[in-house]
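Engineer: build me a model:
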Amino acid sequence: MRGGNGVAEQSVIVERVDDADKEKKKKRRSNRRSKHNSVNEARGEDSLKNGDKTKSLTQSISSSSSSLKQGLDMALKEQSPDRASDVAFCSMPTMHINEQVVSDSGDNIIDVSRSTFSNSCPEPSSKMGIDGFPPFHQVEGFARKKLFAPFWPVETINEALEKGEAFKALFRVNAHNRFEAYCKIDGVPTDVLISGVSSQNRAVEGDIVVIKVDPLGLWTRMKGSNGSSNNSAQIEDCNIVQEVNGLAGNSYKGKGKVDGDCVNAHSKNGVPIEKGFYDETEMTRASAYNHVNGHHQSSSDSLHVGFLPGQNEGINSVERLAASTSQFPLKRPTGRVVAIFEKSLRRDAIVGFLNVKQWFSYRQLYAKDARKISANFDNEYVTLTPTDPRFPKMIVFVRDLPDCIKKRLEDGDVTIERELLAAQIEDWTTESPFPQARVSHTFGRGGELEPQINAILYQNAIPCTDFPSEALSCLPSIPWEIPPEEFQTREDLRDLCVFTIDPPTASDLDDALSVEKLSNDSFRVGVHIADVSYFVLPNTALDIEAQIRSTSVYMLQSKTQMLPSLLSEKLGSLNPGVDRLAFSIFWDLNSRGDVLDRWIGRTVIRSCCKLSYKHAQDIIEGIIDVEKLNTLEECPQLHGQFEWTHIIRSVKYLNDISKFLKWKRFNDGALQLESSKVLYLFDEYGVPYDSRPSEQMDSNFLVEEFMLLANMTAAEVISRTFPDSALLRRHPEPNMRKLKEFEAFCRKHGLELDTSSSGKFHQSLQKIREKLKDDPVLFNILMSYASKPMQLATYFCCGELKDNVNDWGHYGLAVPLYTHFTSPLRRYPDIVVHRTLAAVIEAEELYLKHKGLVKDINGEEVSRRCFTDIYFDKEAAASPEGKEALTIAALKHGIPSPELLADVAAYCNKRKLASRNAEDACEKLYMWVFLKKTEILLSDARVLGLGPRFMSVYIPKLAIERRIYYDEVEGLSAEWLESTSTLVLNLSGQKRLFRKGGLGNYMVLGNFACVVNPYDLSVETDIFDDSDTTSMRDNGVASPDLEPISKSWIDPGTFPLTVRLLSTIPVALYAIGGDDGPLDIGVRLYMSSYLK
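Structural biologist: A predicted model of the protein is given here:
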């Protein structure tokens, strides 16, 4: 432990030695201790039956489970060689972009046959199965030992939640260390750390859990980025089994004493799951006892610690906890799971690979003993390793395997380990160290593209089946024409110059634009959105199916649609040259971007042209003009009476207006965080063969500005007309602690950053951009870091937060009201907003008709509009006539109740997150396929973190971060100069056979660096001359003048190599896994040496 914790660690070690002596003296009484613990546990259960209050329950469970938890954690932590290093780790705030970091290898960890052991975790004997799992005949023996505390009863949970003695929260697991999890409590700025297997108590990623927060004195210390340790290891599952064996005797070190083995018990290998850049240092908890100010304290009193007399009066438990975190900003709350409130859907779709070698070994060992095999058949199992590191390994009984897999096992087919499977957790009892699962689906070979995509969709519960016939029957057959009655109730805009701007491959066109010049100083801009709500009526089979899917998912080469193609690509899509139903919003804007007037209504439009972003950009830059049109290839077709002069003039008008709107938006405090993206080029088989950096063009921003304006206008109209039943989208303020840490980091490196508001944040980032104009890679890295403190934007029902109007705002856009209105073909919330907006329009018409206010012969209203106008008529909405009109319109258009709408919003948030996870996974998959085909990709990398064991590097070509380990490499010397935070790497002739921790060889040099002989450089680079750049298709993903990534030349480094923070070093990237494990991207140094 570093810094001021050194004394504390010494005292803890002394206690540990004393406890060990006591244990030796009392060894003969261990059995009585076990019985005593069982009695305590039984007493705890009896107290529940007798109706004791939560405090008694907590004390009984704490006392009974204390030995279990301490023993479980102690055994686990004794395996862990990840104590904080005395050597500092110099790094930037850690960033992980679409990655799964390879497990750390600690000093005391050795790798034997893909299993990891420490000094205190010897190689399994005959009593221990392969990979740390028990032999088949011992499975039932494991079931007799209680390993976890039982979950609280429902009555106790409700009482504890009501009293504020427990909290409900989402359980999120650190992807880089499964034994660390975090729970977010609404109203508390800092997440609660749930550290250790016993504290997590069988919860898995995505569960909604009930947690008990520890006393303040037991909270762990929270370190900043500069305190990150570079000496860590991810604990393998074999340690859990050793932990279980340690529990057989219920060993523990007494109440009220700090267990030295528990200090720094878990890996410090990077960032908690929510992308922070701080390190966690665990302090052990002493169950129900806490030596704070020398008095005994029950865990039920935990939240009262640290307050002055009377300070906790008149505030609830959340406010007390929030006040504690503010009062002690360097401490992180810790806690334990006491119940699972709602199980995650991810439990039913865990993708992974079977490990069958243990089963084959067992069969071979007892091949001649048929009785032995027959006797243990019911207990025979194979293990499943999830591809997602946040989930534990699982036991799958052979008797429960699908027949096809069981037959392959019996036939001795070892290739079954290459099959990508899905399983669901069926049970995880208090007696089992691992969950029991059942295989539910097979996808195919893990190294192939299609099985991986299917697994991604399955894992995220994304439907990929055809639409049911009941849903399709809700749509009209084609050819279809707009019914005549629609022209009587809608504005006919078919004579208006309307056009779309989309990617060239887009087929679901749900937005179009128009512009008219009213005077020298004003324009009328129109945004026209496909009227999908006309076809998707509430509570129909199509509506239910759309709600279930909630969103379309785009996976580079394919997509899963929310709506049938008949609707999304034909009936509803704003294709050129055909009449289409739309929602239209018009604004009268002056040259400064101010809105002078607006009109909202249902319309009929006819798009005259389908432009791509590239076409629009060429018009903006003057590449396309009237004279050059005849010489252009693939020129878009025009429809109707309009000519190219109208299109070109309109695009230029819109571009000029959008720049004013953008300037105005950022001047009002909006924030833009750009992130680097990589786009891929595909061959005719859909396989990526090259990649290029993404570029945002003015035409992209042009469309974005008007879509944002439309969304903000729709949010304003529906929220003030239906204040309890409007679906909005909010973006909370960022995690201020993380933001301040990032601000301090920038200041330390001479970069001024003001995060007091979103506007100040944006302005200072622009100044940093100008300062780093010669180092765009570093600026891109900083922009990626800047997004880490940001929270997710979510849908919500206004009625759900009617008492917290200040929470409605959108931090990034710096607006008080925002929603989604412009993409109803691919987002279900937009359909809900369309229905609400249709109800507003109809209620307004009903009210005006009742008041005798009608339109004149030119269609212009005699009186101003009351609900959709810039100025809202509150008196009209509150009048009996207004209320009646709103009620009638709400019923007609199916506006849901606030309670139902809140459920819809929550479900859409889940599906939105699932779709984003699927899209990110597909992007990583295509990156893996690209590298698999390329074999080796050479690139420059920037050093973000540096220490004695590994360095963290950022590869700008792929926008990912990876680690390179060098602490125990055969033939390599690594000299870490802590005073200057410098690393010197050099080749060494010294032969070292074994690693420092025990058995196991050093890592070979080839796993650390790709070393080439200078004479062979031309041969090495020939592998990049095979790709056919002439076959690149125009997918609208990159400009042809950009250099393909695989074609760029990288000079290798030379030994000795001196590395400092932010240094640029050459690396070689390659694909890992596929048929033999989870997909990942590996990285090695790219070096040149005559000593190769």
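
Engineer: could you say which helix or strand contains the residue nearest to the spatial centre of the chain?
Structural biologist: The centre of the chain sits closest to residue 917, judged by C-alpha atoms, centre = their mean, with a distance of 6.2 Å. Element membership for residue 917, per DSSP states H and E: helix 898-934.

Engineer: can you give me the offset of the helix or strand that comes right after that helix from its chain's centre?
Structural biologist: Following helix 898-934 in sequence order, the next helix or strand is strand 937-946 (DSSP H and E). Mean C-alpha position of strand 937-946 versus that of the full chain (C-alpha atoms, centre = their mean, to the nearest Å) differs by 24 Å.

Engineer: what angle sits between strand 937-946 and helix 898-934?
Structural biologist: When axes from the mean of the first three to the mean of the last three C-alpha atoms, to 10 degrees is applied, the directions of strand 937-946 and helix 898-934 differ by 120 degrees.

Engineer: flag the shaky bits of the stretch 51-200 of the chain, pLDDT-wise.
Structural biologist: 51-144 (pLDDT under 70).

Engineer: sorry, that was for the chain
Structural biologist: 1-144, 223-315, 366-378, 627-633, 853-863, 990-1001, 1017-1048, 1092.

Engineer: break it down into its domains, please.
Structural biologist: Following the TED database, one finds the domains of the chain at 154-219+317-342, 348-365+376-445, 469-722+798-829+906-918, 736-790, 935-1018+1045-1088.

Engineer: can these go into JSON lines with extra columns for distance to residue 895?
Structural biologist: In short, each C-beta sits where N, CA and C put it, glycine included. Output for these, formatted as JSON lines (distance: least, C-beta to C-beta, whole Å):
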{"stretch": "domain 154-219+317-342", "distance to residue 895": "27"}
{"stretch": "domain 348-365+376-445", "distance to residue 895": "33"}
{"stretch": "domain 469-722+798-829+906-918", "distance to residue 895": "6"}
{"stretch": "domain 736-790", "distance to residue 895": "32"}
{"stretch": "domain 935-1018+1045-1088", "distance to residue 895": "42"}
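
Engineer: buried deepest among those domains, which one?
Structural biologist: Stretch with highest mean neighbour count among these: domain 154-219+317-342 (a mean of 21; mean count of other C-beta atoms under 10 Å).

Engineer: now do the same end-to-end measure for it.
Structural biologist: Using C-alpha to C-alpha, to the nearest Å, one end of domain 154-219+317-342 lies 12 Å from the other.

Engineer: how far does that domain sit from its chain's centre?
Structural biologist: Once both centres are worked out by C-alpha atoms, centre = their mean, domain 154-219+317-342 turns out to sit 20 Å from its chain's centre.

Engineer: same question, stretch 888-902
Structural biologist: 32 Å.

Engineer: same thing with stretch 820-840?
Structural biologist: The answer for stretch 820-840 is 26 Å, by C-alpha atoms, centre = their mean.

Engineer: OK, contacts around residue 414?
Structural biologist: 356, 357, 360 (C-beta atoms under 8 Å, 6 or more residues apart in numbering).

Engineer: same thing but 10 Å
Structural biologist: 356, 357, 360, 408 (C-beta atoms under 10 Å, 6 or more residues apart in numbering).

Engineer: surely the residue nearest to the centre of the chain and residue 460 touch.
Structural biologist: Yes. The pair residue 917 / residue 460 is scored as a contact, 5.6 Å apart, by C-beta atoms under 10 Å.

Engineer: can you tell me the SS state at residue 399?
Structural biologist: Look at residue 399: counting by DSSP: H, G, I helix; E, B strand; the rest coil, its state is helix.

Engineer: unless I'm mixing things up, it is touching residue 405, no?
Structural biologist: No. Between residue 399 and residue 405 there is no contact under C-beta under 10 Å: 11.8 Å.

Engineer: apart from its chain neighbours, what residue comes closest to residue 582?
Structural biologist: residue 528 (4.4 Å; C-beta to C-beta, 6 or more residues apart in numbering).

Engineer: then residue 457?
Structural biologist: residue 464 (5.0 Å).

Engineer: pretty sure residue 815 contacts residue 664?
Structural biologist: No. Counting by C-beta under 10 Å, residue 815 sits too far from residue 664 to count as a contact (11.8 Å).

Engineer: can you check which residues contact both of the two?
Structural biologist: residue 670.

Engineer: and residue 843, what element?
Structural biologist: Element membership for residue 843, per DSSP H and E: helix 828-850.

Engineer: again with residue 454
Structural biologist: Short version, using DSSP H and E: residue 454 is in helix 449-459.

Engineer: just checking, what packs against that helix?
Structural biologist: strand 350-355, strand 419-427, strand 436-445, helix 898-934 (3 or more C-beta pairs under 10 Å, 6 or more residues apart in numbering; DSSP states H and E).

Engineer: could the ones you listed be laid out in TSV, adding distance to residue 718?
Structural biologist: Listed next are those as TSV, based on distance: least, C-beta to C-beta, whole Å:
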stretch	distance to residue 718
strand 350-355	40
strand 419-427	40
strand 436-445	41
helix 898-934	11
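
Engineer: state the next helix or strand along the chain beyond the helix holding residue 843.
Structural biologist: Going C-terminal from helix 828-850, and assigning secondary structure by DSSP H and E, you next hit helix 874-878.

Engineer: and that following helix, how far out from the chain middle?
Structural biologist: That offset, for helix 874-878, works out to 43 Å (C-alpha atoms, centre = their mean).

Engineer: correct me if wrong: residue 590 contacts residue 525.
Structural biologist: No. Assessed by C-beta under 10 Å, residue 590 is found out of contact with residue 525, at 11.5 Å.

Engineer: what's the closest non-adjacent residue to residue 490?
Structural biologist: residue 602 (4.8 Å).

Engineer: is it true that the one you found touches residue 482?
Structural biologist: No. Contact criterion C-beta under 10 Å: residue 602 and residue 482 do not qualify, at 11.5 Å.

Engineer: shared neighbours of the two, anything?
Structural biologist: Common neighbours of residue 602 and residue 482 (C-beta under 10 Å, 6+ apart) are 490, 534, 581.

Engineer: of the residues you listed, which is the nearest to residue 563?
Structural biologist: residue 534 (12.6 Å; C-beta to C-beta).
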